[in-house]
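In: Have a look at this prediction, sequence included:
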Amino acid sequence: MKPKIKKFTKDNPCTMVDIWNCFRIKNGFRNVQIGEAQSLIGINVPNYMLRMNRLVIFEIRREEYYVLTHDGAEWLERKFTRYLQSYPESKNLVKYLPSKYRY
């Protein structure tokens, strides 16, 4: 059974918090199965990140995963920081908020 792909609209866009929560764990970034990522951030965001070389597809034990590149991890950190500065009320939606963002 295929996982349900999350749909975003102009009224409900995919935010940096959605992307952060998809890839972030307590101690850094994780590899995410493609189906799981699509259920969290849809199809368009990963496709854009693949085109911009921020993600790669990697096969682990016959499962395909999205893996952030070094540039992708830096991009996500930078964009996430700016997003939190613009929308500080979004901090309560973040699953793993590093201590440097708690201000």
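Out: Done, it's in.
In: And for residue 49, the neighbour number?
Out: Neighbour count of residue 49, defined by other Cβ atoms under 10 Å: 22. From N, CA and C alone the C-beta is placed, and that goes for glycine too.
In: pretty sure it is touching residue 73, no?
Out: No. With contact defined as Cβ atoms under 8 Å, residue 49 does not reach residue 73; the gap is 11.1 Å.
In: Can you list the neighbours in contact with the helix or strand encompassing residue 46?
Out: Here residue 46, judged by DSSP states H and E, is contained in helix 44-51. Applying Cβ atoms under 8 Å, 6 or more residues apart in numbering, the external contacts of helix 44-51 come out as 8, 14, 18, 19, 34, 37, 38, 55, 56, 57, 66, 72.
In: again, only using 10 Å
Out: Residues outside helix 44-51 that contact it (Cβ atoms under 10 Å, 6 or more residues apart in numbering): 6-8, 13-14, 18-19, 22-23, 32, 34, 37-38, 40-41, 54-57, 66, 68-69, 72, 75-76.
In: could you give the mean pLDDT of that helix?
Out: For helix 44-51, mean pLDDT is 95.
In: which stretches of this protein aren't confidently modelled?
Out: 1-3, 101-103 (pLDDT under 70).
In: which residues in the protein form helices?
Out: Along the chain, counting by DSSP state H, helices occupy 16-23, 34-41, 44-51, 70-86.
In: Send over the longest one as CSV, restricted to the C-alpha atoms.
Out: The C-alpha atoms that make up helix 70-86 are tabulated as CSV, following Å, rounded to 0.1, in the frame of the first residue of the first chain:
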residue,chain,number,x,y,z
HIS,A,70,26.1,19.0,2.5
ASP,A,71,24.8,22.0,0.6
GLY,A,72,21.2,20.9,1.3
ALA,A,73,21.8,20.7,5.1
GLU,A,74,23.4,24.2,5.1
TRP,A,75,20.5,25.6,3.0
LEU,A,76,18.0,24.1,5.3
GLU,A,77,19.7,25.4,8.4
ARG,A,78,20.0,28.9,6.9
LYS,A,79,16.4,29.0,5.6
PHE,A,80,15.0,27.6,8.8
THR,A,81,16.8,30.2,10.9
ARG,A,82,15.4,33.0,8.7
TYR,A,83,11.9,31.5,8.8
LEU,A,84,12.0,31.4,12.6
GLN,A,85,13.1,35.0,12.8
SER,A,86,10.2,36.0,10.6
